[in-house]
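**Student:** what's the 3D shape of this:
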Amino acid sequence: MISTSAAQEGCPGGSRWPAARTGTGGPAESIRIGVDTIQQWLVAQRLGYAIPMTLTQDPPAAADPLTLDQQVCFAVVVAARSVVAIYRPILEPMGLTHPQYLVMLALWQQAPLSVKRLSELLQLDPGTLSPLLKRLEAADLIVRRRNAADERHLAVELTDRGRALRDEALLVPPAVIDRLGLPIEELQALHASLSRVIEATQTTPNHQEADR
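**Tutor:** Numbering: from 1, shown residues only. The predicted model follows:
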């Protein structure tokens, strides 16, 4: 039989067995006490090793900053392209493309507008806006006239047909929302977030330099 002191000296890692309790109930009780003592020691060893093993685990690897699906620019571009694709079949019966629809929205809100002011509202340079106005004028939706107050500037006005088209356009927003399948509250929150992004980008030095 191995003595208690010998067992303590033989514990791995230099740890020692807990002292055995002294029993008075004969061999059966001595065996039970010995088993209990070993179980206590095993629990103590597990607890003792658990903390160091946790502390020595490697920290999680840092996220790759160039992962495609983590890029804000990628999410914005794909979302914009996907949303415009939803508008396309809705606007086709009205004879409008999405860029033309945006021009009409601005004019329905506050026509007549100078070409310069319309360019500012849509955040389009005149070279991009001019072809849109030509097509809308050819479709008899708008007309461009010299501003009576300043003939150097053109004023963009709606025709009767252009004003009448607004009634059809009232069906566009609910149709888009229905196809997206998102709660209106979520879309409103998204609009607010994107508006803040637009505002933030317009205050950057690079954007200000590009406007000069």
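**Student:** tell me the phi and psi of L107?
**Tutor:** Per-residue torsions, L107: phi -70, psi -40 (degrees, to the nearest 10).
**Student:** brain fart, L113
**Tutor:** According to degrees, to the nearest 10, L113 has phi -130, psi 150.
**Student:** please identify which helix or strand holds the closest residue to it other than its chain neighbours.
**Tutor:** Spatial nearest neighbour of L113, chain neighbours left out: V156 (5.3 Å); criterion: C-beta to C-beta, 6 or more residues apart in numbering. (Each C-beta comes from the backbone N, C-alpha and C, glycine too.) Using DSSP states H and E, V156 sits within strand 154-158.
**Student:** paired strands for that strand, with orientation please.
**Tutor:** The pairing partners recorded for strand 154-158 under DSSP bridges are strand 113-114 (antiparallel), strand 142-146 (antiparallel).
**Student:** low pLDDT regions in the protein?
**Tutor:** Applying pLDDT under 70 to the chain picks out residues 1-61, 151, 204-212.
**Student:** mind running it again at 90?
**Tutor:** Counting by pLDDT under 90, the chain contains low-confidence ranges at 1-63, 146-154, 202-212.
**Student:** check contacts around L132.
**Tutor:** Neighbouring residues of L132 by C-beta atoms under 8 Å, 6 or more residues apart in numbering: 99-100, 103, 124.
**Student:** let's see if you can find the most crowded of those.
**Tutor:** Tallying neighbours with other C-beta atoms under 10 Å puts V103 at the head of those, with 24 neighbours.
**Student:** from A189, how far out is that one?
**Tutor:** Distance of V103 to A189, given as C-beta to C-beta, to the nearest Å: 27 Å.
**Student:** and if you look at L170?
**Tutor:** 24 Å.
**Student:** which one of the two is surrounded by more residues?
**Tutor:** When neighbours are counted by other C-beta under 10 Å, A189 comes out ahead of the other of L170 and A189, with 11 against 8.
**Student:** check which residues of stretch 102-117 are buried.
**Tutor:** For stretch 102-117, a neighbour-count test (16 or more other C-beta atoms under 10 Å) marks 102-104, 106-107, 111-113, 115 as buried.
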